[in-house]
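Participant: Need a 3D model of the following:
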Amino acid sequence: ASFPFFGVAEHYRSSMCLFFHTFSMGAIFEECCTSASGDTCGILEIHTTQNSARDSNRKSAGKGGYISQYVDSPGLLAAMYDGNRLDCELYASSLGVFARRVRDMEVQHGLAEGHFSPSPAEDPLAASSLCKKGLRQYRHAKESEEP
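Facilitator: Numbering: from 1, shown residues only. Alright, predicted model coming up:
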């Protein structure tokens, strides 16, 4: 059995439209999801405060940022992957299911493939790049341990 709905934070607009579609919220779907940009839909506007934007990992991922202190260390990145590899596998698998559901939704509503931007079908592993980098470091660490 699977969940009738789940969303992916990196694909916020697609996730929200899939939610409206899944739970038969036709009027909201039409208002928010059929235009190319969704500009007329207040529900899909993302609001941030000064602190939330400053503290976000995405805003501080560069050199000296919060997340960089972890991902710049190969040993630490390998250890993080070791503790989170099942999460990485679940995420990659879920992203494939999500992409299929989004495409099915586009077809059912007569929308062009890739209507939602960014399209999960175009870049299914973009958000799991940290997992891929961690896996490389993990494998390298394991190979280095062998006699």
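Participant: tell me which residues of the longest helix seen in the chain are tucked away?
Facilitator: Longest helix in the chain, counting residues (DSSP state H): helix 74-108. By 16 or more other Cβ atoms under 10 Å, the buried positions in helix 74-108 come out as 77-81, 88, 91, 95, 98-99, 101-103, 105-106. The C-beta positions use only the backbone N, C-alpha and C, and glycine is treated the same way.
Participant: Now do the helices in the chain.
Facilitator: Using DSSP H, helices in the chain cover 12-22, 26-33, 50-55, 68-71, 74-108, 129-145.
Participant: among these, where is the model least confident on average?
Facilitator: Ranked by mean pLDDT, the helices of the chain end with helix 50-55 at the bottom, a mean of 54.
Participant: Check the gap between residue 140 and residue 84 for me.
Facilitator: From residue 140 across to residue 84, the span is 17 Å (Cβ to Cβ, to the nearest Å).
Participant: typed the wrong thing, it's residue 6
Facilitator: Residue 6 is 19 Å from residue 84, by Cβ to Cβ.
Participant: rewinding a little: most widely separated two among the buried residues of helix 74-108?
Facilitator: Pairwise distances across the buried residues of helix 74-108 (Cβ to Cβ) peak at 40.0 Å, for the pair 79 and 106.
Participant: and the angle from the longest helix of the chain to helix 26-33?
Facilitator: 120 degrees (axes from the mean of the first three to the mean of the last three Cα atoms, to 10 degrees).
Participant: Measure how helix 74-108 sits relative to helix 12-22, angle-wise.
Facilitator: 40 degrees.
Participant: Helix 74-108 - contacts with which helices or strands?
Facilitator: Applying 3 or more Cβ pairs under 8 Å, 6 or more residues apart in numbering; DSSP states H and E, we find helix 74-108 packed against helix 12-22, helix 68-71, helix 129-145.
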